[in-house]
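1. What follows is a predicted protein model with its sequence.
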Amino acid sequence: MSHHKFQIDLTLIAPFQTKATSSGEYGVDTPCARDHNGNLYIPGTLIKGKVREAWTWLESWGLAAPGVPSKSEIQDWFGQGTADAARPVDTAAHQTFTPSPGRVRFNDFTLTSAEAKSQRLRTRISIHPTKGCAEEGMLQVLESPFLPDTPVAFSGVANFDGPDTEAAKFRQALDAALRATTTLGANRAIGFGRIQKVSVQPVPVAAKKGSPKSSCDWSAIDGDESSVVLQLHTSFPLCLTERGSAANIFHSGTTITGGTLKGALAAQIKRQFGVDPADPRASGPLPTLRKHFSAVRFRQALPATAVGKTTAIIPQSVFTHQTLAGPKVVDTVLNNSAPTGFVPKFHHDWKRPDEAAVHKLFPQLDLKRDLRVRTRISPANRRAEDTALFAYELILPETTSGEKVHWETTIDLPANISNADRRQFWAELGQALGDGLASVGKTKAPFRLVGQPFLAAAAIPGGHNRNSGSTQFAILLRSPALIGNPETIKGETSHQALHSFYADYFREASSNTLTLNHFFAGQSLMGGVYQYHHFQREATNHRYHPWLLTQPGSVFVFTATQDAEPHLQTWLFQGLPLVGPMRQFYGLNGTTETGDDWCVCPYVPSNGFNEIAVNAHQAWSDLCR
């Protein structure tokens, strides 16, 4: 299976408009849609919807003309939704929860012709049905950036994964669909957006190799490294859905989870090489990569700028209190006693002045955001369907101050991999990522790898005093962590119950070398209908067990023996382990070596969860003095 790109050039006759979801200039009721750079564009999702609509109509009319795909081909190319009646249904849940993504991705179409220098606005009015005069208060002002009857050119790209013969058929079908579409955009019933010319051309292989691909030098890895750091760059908006999204709006975080990256790579390998990377037994290309793929760990990718600015993890041991000069930031990681003489304010109680004081010490990258509103169009009347409106909150790869942003992640190999397999794994990973990483997040954003992969150091700051026999260590969670057996809490939320909950886990995970002194931690439950049916239902014998996650920034302080350091060093590279009764509680039947737990639980170390830093308090305590 190969990756194909098709350049699509559309020429429309003005007036033309795609409506923006944000407010426009003062007095303009209907502004045109513009991207984060202020350029006019047609959403790729609109083109995709029109193409599918045209194919569906042509197929329903029984036209056997060249370029009209069958219904099964349409479903295969564009994927199927969970409510699609043609998909196999889970009889217990009465719907399917198995993803069925398509093989076609459309980029946004950007304007390639010039906007008009004048006549930026036009008006419309509603006429009273009986009086025949203009109705009061019904004047509509529309942005009209093109002169009437002038050609307007837009250009975009369609990505297709499949054999060469099928790609040729797809191109023919795409051309037929766009030619069967007469109008595009808003106000089509009054003559807006007439399509004059359509061109669908394959992007030559030579051009594809020179387009936004990876400029990553994989030869820099000599094969002996167990961990490498990669920089991922994109110019596309991202939607990285996080917890708390409402029913019809998907809020985006700024962190790309390791599971998102690993899943995007797995899908890319399956598309381009025709093999399942999670099935090492099957013959085919990339055998060593597939052999260790499930156990390989992708850490969470955090945004960073070219000059090294990044988003810091704010420890939950940090609080503020009011002084005459304003909020003062204090760290109490090694002091478990209550402060005297003032009232501490932890992160739940912070107001804007407190957050500003904390962010000076623990900088946060403030990324630009945008909102894309979408809806489902009825195939019968070509109108927006009721109750089908939804929106994506997008993050843009630049800060509010205009600095470009990339993301950095670390890939860790399992400890039991041989030297020969390690070298071959990096070589095959370079082959798989030679063209970058496509289809990340809900917007299917492509990433290119830039720079040189380098060895990731994981030393314990401050070292370990082996002569003292024991010392204090502080562990900071850098990502959400699935730790502990929830059955030991049994609904209790007291400090004593949580202390026992965490102490039991760390005692077992460290082979009795760590004794928990105190902690500062927050928890949340993750689950829901989809995750239960997709991951848990069979693994937990049809019991619903939401995953209890400990939040990033949580801090645990221990008294440790000198035998604890090997455990800490392992956890730095592999994350906190999933051990003991919690494995049975969550139905985790795989092994740490094979990494099979991802099949029944998305919150596993190999997906970037359970990441820690050790003794990071030595740096932040100096900041908070």
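-> Structure received.

2. Do you know the pLDDT at the nearest residue in space to Ala304 that is not next to it in sequence?
-> Among residues not flanking Ala304 along the chain, Thr310 sits closest, at 4.2 Å (CB to CB, 6 or more residues apart in numbering). Glycine gets a C-beta too; all of them are placed from N, C-alpha and C. Predicted confidence (pLDDT) for Thr310: 90.

3. What of Leu623?
-> Looking at Leu623, its pLDDT is 56.

4. Begin at 38, not 1, for the rest of this chat.
-> Sure, I'll start counting at 38 from here, so that last one is Leu660.

5. What average pLDDT does the strand or helix carrying Leu466 get?
-> Using DSSP states H and E, the element containing Leu466 is helix 456-469. For helix 456-469, mean pLDDT is 89.

6. got a list of contacts for it?
-> By CB atoms under 8 Å, 6 or more residues apart in numbering, the surrounding residues in contact with helix 456-469 are 253, 255, 258-263, 265, 302, 305-306, 309-310, 323-326, 328-329, 333, 448, 450, 454.

7. For PyMOL, what selects the buried ones among those?
-> This is how PyMOL selects the buried members of the contacts of helix 456-469, with burial counted by 16 or more other CB atoms under 10 Å:
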select buried, resi 253+255+258+262+263+265+302+305+306+309+310+323+325+326+328+329+333+448+450+454
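
8. Counting only helices, which of the contacts of helix 456-469 make the cut?
-> 302, 305-306, 309-310, 324-326, 328-329 (DSSP state H).

9. For the residue nearest to Ala482 when sequence neighbours are not counted, give me the pLDDT.
-> Once flanking residues are discounted, Ala482 sits nearest to Phe273: 3.9 Å by CB to CB, 6+ apart. Note on Phe273: pLDDT of 90.

10. try Arg280
-> 66.

11. The one 4 residues further on now?
-> The predicted local distance difference test score for Ala284 is 72.

12. how far away is it from Arg406?
-> In this view, Ala284 and Arg406 are 20 Å apart by CB to CB, to the nearest Å.

13. What of Gly64?
-> With distances taken as CB to CB, Gly64 is found 25 Å from Arg406.

14. Among those two, which residue is more densely surrounded?
-> More neighbours surround Arg406 than the other of Gly64 and Arg406, with 15 against 7 (other CB atoms under 10 Å).

15. where does the more buried one fall, phi/psi-wise?
-> For Arg406, the backbone dihedrals are phi -130, psi 160 (criterion: degrees, to the nearest 10).

16. what sits against the closest residue to it other than its chain neighbours?
-> Nearest residue to Arg406, sequence neighbours excluded (CB to CB, 6+ apart): Ile432, at 5.7 Å. Contacts for Ile432 (CB under 8 Å, 6+ apart) come out as 274-277, 289-291, 404-406.

17. Met619 contacts Gly521, doesn't it?
-> Yes: taking CB atoms under 8 Å as the definition, Met619 is a contact partner of Gly521 at 6.2 Å.

18. Can you read off the pLDDT for the residue with the largest distance to the centre of the chain?
-> Distance from the C-alpha centroid of the chain peaks at Lys168, with 54.8 Å (CA atoms, centre = their mean). Per-residue pLDDT puts Lys168 at 86.

19. again with the one 4 residues further on
-> According to the per-residue confidence, Glu172 scores 88 in pLDDT.

20. Next: Ser438.
-> For Ser438, pLDDT reads 91.

21. That one - how many residues pack around it?
-> Ser438 has 9 neighbouring residues, counting by other CB under 10 Å.

22. which non-adjacent residue is nearest it?
-> In this structure, Ser438 finds its nearest non-sequential neighbour in Asp403, 7.8 Å apart by CB to CB, 6+ apart.

23. circling back: could you check how far the residue nearest to Ala482 is from Ile79?
-> Distance from Phe273 to Ile79, by CB to CB: 15 Å.

24. all helices of the chain, in order?
-> For the chain, the helices defined by DSSP H cover 81-97, 108-115, 201-217, 242-247, 295-310, 324-329, 389-398, 456-469, 532-546, 566-568, 602-611, 618-623, 654-660.

25. could you give the angle of the fifth one to helix 456-469?
-> Spelled out, that is helix 295-310. With axes from the mean of the first three to the mean of the last three CA atoms, to 10 degrees applied, the angle from helix 295-310 to helix 456-469 works out at 70 degrees.

26. elements contacting helix 295-310?
-> strand 39-50, strand 334-335, helix 456-469, strand 474-477 (3 or more CB pairs under 8 Å, 6 or more residues apart in numbering; DSSP states H and E).

27. what about the residue nearest to Ser438, how many residues close to it?
-> The tally of other residues near Asp403 (other CB under 10 Å) stands at 12.

28. That one and Leu433 touch, don't they?
-> No: when contacts are counted by CB under 8 Å, Asp403 is not listed as touching Leu433 (11.2 Å).

29. ok, how many other residues are close to Leu47?
-> Neighbour count for Leu47, taken as other CB under 10 Å: 23.

30. ok, back up a step: which residues touch the residue nearest to Ala482?
-> Contacts of Phe273 by CB under 8 Å, 6+ apart are 144, 434, 480, 482-483.

31. Also Gln337?
-> Neighbour list for Gln337: 292-295, 446, 515-516, 645-646, 648 [criterion: CB under 8 Å, 6+ apart].

32. Dump these to a markdown table, plus neighbour count, distance to Arg89 and pLDDT.
-> Shown next, in a markdown table, are the contacts of Gln337 (neighbours: other CB atoms under 10 Å; distance: CB to CB, whole Å; pLDDT from 0 to 100):
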| residue | neighbour count | distance to Arg89 | pLDDT |
| --- | --- | --- | --- |
| Thr292 | 19 | 33 | 94 |
| Ile293 | 25 | 29 | 95 |
| Thr294 | 23 | 30 | 94 |
| Gly295 | 27 | 33 | 94 |
| Thr446 | 21 | 34 | 92 |
| Arg515 | 21 | 42 | 94 |
| Ser516 | 25 | 38 | 94 |
| Gly645 | 28 | 34 | 93 |
| Phe646 | 30 | 36 | 95 |
| Glu648 | 26 | 40 | 94 |
